[in-house]
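Engineer: build me a model from this:
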Amino acid sequence: MSNLLNNPVTLSAESVTNQMRALILDGSLGIGVQLKQEALARRFGVSRIPIREALKRLEAEGLVEHTAHQGSVVASRSIDDLLETLDIRIGLESRALVLAIPNMTPAILRKAEAILARYDASDMPGEWSELNLAFHLCLYTPCGRPRLLSMIESVVRSADIHLRAQQSAAIGRKSPQKDHRALLEACKAGNAERARKLLERHIAQTQDALHKARPAAV
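Structural biologist: Okay, here's the model as predicted:
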């Protein structure tokens, strides 16, 4: 991944955070991998100060965890934890959507349509989660609650690497896209109650996939 480091001398903590996040989300830094500050500082060509700050930020996002024996590692999540995270998503995203619908403009709806078109054209499961998030955030942005939007994005990204395999393998693309189009139609119609119910069912489908993936009790 050295091609990411075009100008390592001037990398800020924010830039290091963004690049480390990308490495985690695309699987280059796998779940459970130790994140040693000295090695990361060499890799990014910076001191340990921006590395420490990046690790703190990624820990706050749920992508990194600190253990007593290993130090910082790429976080792992249990199925129960992921199920709870999806419950949190339902609460946050439903509220954002209901607040957003009265403020949706034709431009927002066209942007959402364009994202769905890119989703249809993509044959790479690794892109689907990013397009999924982009679509949902597009619909929520008119809610006018920046802290709520930031919380939603953080919660989604913290679980993304764990949910991606379930979304691509167990659910695929066709079912989410059908849900997305129904949700968009409800938004176009200004039907907040229908949109909220569709959104809750959409996220609950991922919960159902996780329940099915849970190992059988012995």
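Engineer: host element of residue 159?
Structural biologist: Assigned by DSSP states H and E, residue 159 falls within helix 146-165.
Engineer: ranges for the helices of this structure?
Structural biologist: Under the criterion DSSP state H, helices of the chain are mapped to 13-25, 37-44, 48-60, 79-100, 106-121, 125-140, 146-165, 174-188, 192-213.
Engineer: next, format those as TSV and append mean neighbour count, distance to residue 69 and mean pLDDT.
Structural biologist: C-betas here are computed from N, CA, C, even on glycine. Putting the helices of the chain into TSV (neighbours: other Cβ atoms under 10 Å; distance: least, Cβ to Cβ, whole Å; pLDDT from 0 to 100) gives the following:
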stretch	mean neighbour count	distance to residue 69	mean pLDDT
helix 13-25	19	21	87
helix 37-44	16	16	92
helix 48-60	18	16	92
helix 79-100	17	20	94
helix 106-121	14	42	96
helix 125-140	19	31	89
helix 146-165	17	22	84
helix 174-188	17	39	91
helix 192-213	16	28	90
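Engineer: can I get those helices in CSV with distance to residue 66?
Structural biologist: Formatted as CSV, the helices of the chain follow (distance: least, Cβ to Cβ, whole Å):
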stretch, distance to residue 66
helix 13-25, 15
helix 37-44, 12
helix 48-60, 6
helix 79-100, 16
helix 106-121, 35
helix 125-140, 25
helix 146-165, 15
helix 174-188, 34
helix 192-213, 26
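Engineer: out of those helices, the one nearest residue 71 is which?
Structural biologist: Checking the helices of the chain against residue 71 by Cβ to Cβ gives helix 37-44 as the closest, at 8.1 Å.
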